[in-house]
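Participant: pasting the sequence and the predicted coordinates here, then a few questions.
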Amino acid sequence: MRGISVPVVLLHLIFALSSRPVQADAVQTSGDILQYVVPALALGMTGYERDLAGAGQLVTSAFVTESLVWTLKLTIDAKRPSGGGRGFPSGHSATAAFGAAFVHRRYGIVPALPLYAGTAFVAWSRVDAGAHRAIDVIAGVAIGVGMSMVIAKPFGRDVNVVPMSVNDGFGAQLVVIY
């Protein structure tokens, strides 16, 4: 899985960098790069955890997210603040968001926090560059997060809520199996 995903991410990164003008704004260029760094770090976590099933879920999330984003971009063809079309939703924001949300869903919120911060920076950089409106990046983040939350499954945990009787009443016990 890693042999396929890493070259795809690198090709996207090379394309994004080669299509940027030399005097590009540093914030915009950082956002262009960070959109791929976030899912690459998510992929790295699957390798660190020796989680082949997770790598498959990440690739599936990437495919579904990007397919939905491009279907909407081509169908809606919204104008960008800076001119041009295909402004809705933000693909940069969706790409970063699916990586952050994957880590959140699969490995927990703590390792995902820096990735969510990276996603927020990517989204802000797109608005700052005039490439998108706020609604475009919000929609991109929602798509990325939504797809990973649906596709990814928690790693190494089985969480169950068990009903139980407590002092002549009823309650519930949360059972987490690692």
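Facilitator: Now that the structure is in, tell me what you want to look at.
Participant: all helices for this protein, in order.
Facilitator: 2-18, 26-48, 52-76, 91-107, 109-128, 134-151 (DSSP state H).
Participant: got the CA positions of the last one in PDB?
Facilitator: Extracted as PDB, the C-alpha positions of helix 134-151 are listed here (Å, rounded to 0.1, in the frame of the first residue of the first chain):
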ATOM      1  CA  ALA A 134     -14.800  30.800   3.700                       C
ATOM      2  CA  ILE A 135     -17.700  28.700   2.600                       C
ATOM      3  CA  ASP A 136     -15.400  26.900   0.100                       C
ATOM      4  CA  VAL A 137     -12.900  25.900   2.700                       C
ATOM      5  CA  ILE A 138     -15.600  25.000   5.300                       C
ATOM      6  CA  ALA A 139     -17.200  22.700   2.700                       C
ATOM      7  CA  GLY A 140     -13.800  21.100   1.800                       C
ATOM      8  CA  VAL A 141     -13.000  20.500   5.500                       C
ATOM      9  CA  ALA A 142     -16.500  19.000   6.100                       C
ATOM     10  CA  ILE A 143     -16.100  16.600   3.100                       C
ATOM     11  CA  GLY A 144     -12.600  15.500   4.200                       C
ATOM     12  CA  VAL A 145     -13.600  15.000   7.900                       C
ATOM     13  CA  GLY A 146     -16.900  13.400   7.000                       C
ATOM     14  CA  MET A 147     -15.300  10.800   4.600                       C
ATOM     15  CA  SER A 148     -12.600   9.800   7.100                       C
ATOM     16  CA  MET A 149     -15.100   9.600  10.000                       C
ATOM     17  CA  VAL A 150     -17.300   7.200   7.900                       C
ATOM     18  CA  ILE A 151     -14.500   5.100   6.300                       C
END
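Participant: could you pull out the buried residues of it?
Facilitator: For helix 134-151, a neighbour-count test (16 or more other C-beta atoms under 10 Å) marks 136-141, 143-148, 151 as buried. Using the backbone N, CA and C atoms, a C-beta is placed for each residue, glycine as well.
Participant: tell me how far it lies from the chain's centre.
Facilitator: On the basis of C-alpha atoms, centre = their mean, to the nearest Å, helix 134-151 sits 8 Å off its chain's mean C-alpha point.
Participant: quick one, that helix and helix 52-76 angle?
Facilitator: Between the axes of helix 134-151 and helix 52-76, defined by axes from the mean of the first three to the mean of the last three C-alpha atoms, to 10 degrees, the angle is 150 degrees.
Participant: going forward, begin numbering at 574 instead of 1
Facilitator: With the count now opening at 574, the last piece we talked about shows up as helix 707-724.
Participant: show the average pLDDT along helix 707-724.
Facilitator: Average pLDDT, helix 707-724: 97.
Participant: what's it in contact with?
Facilitator: 630-631, 633-634, 637-638, 641-642, 645, 651, 660-675, 677-678, 692, 696-697, 699-700, 705 (C-beta atoms under 8 Å, 6 or more residues apart in numbering).
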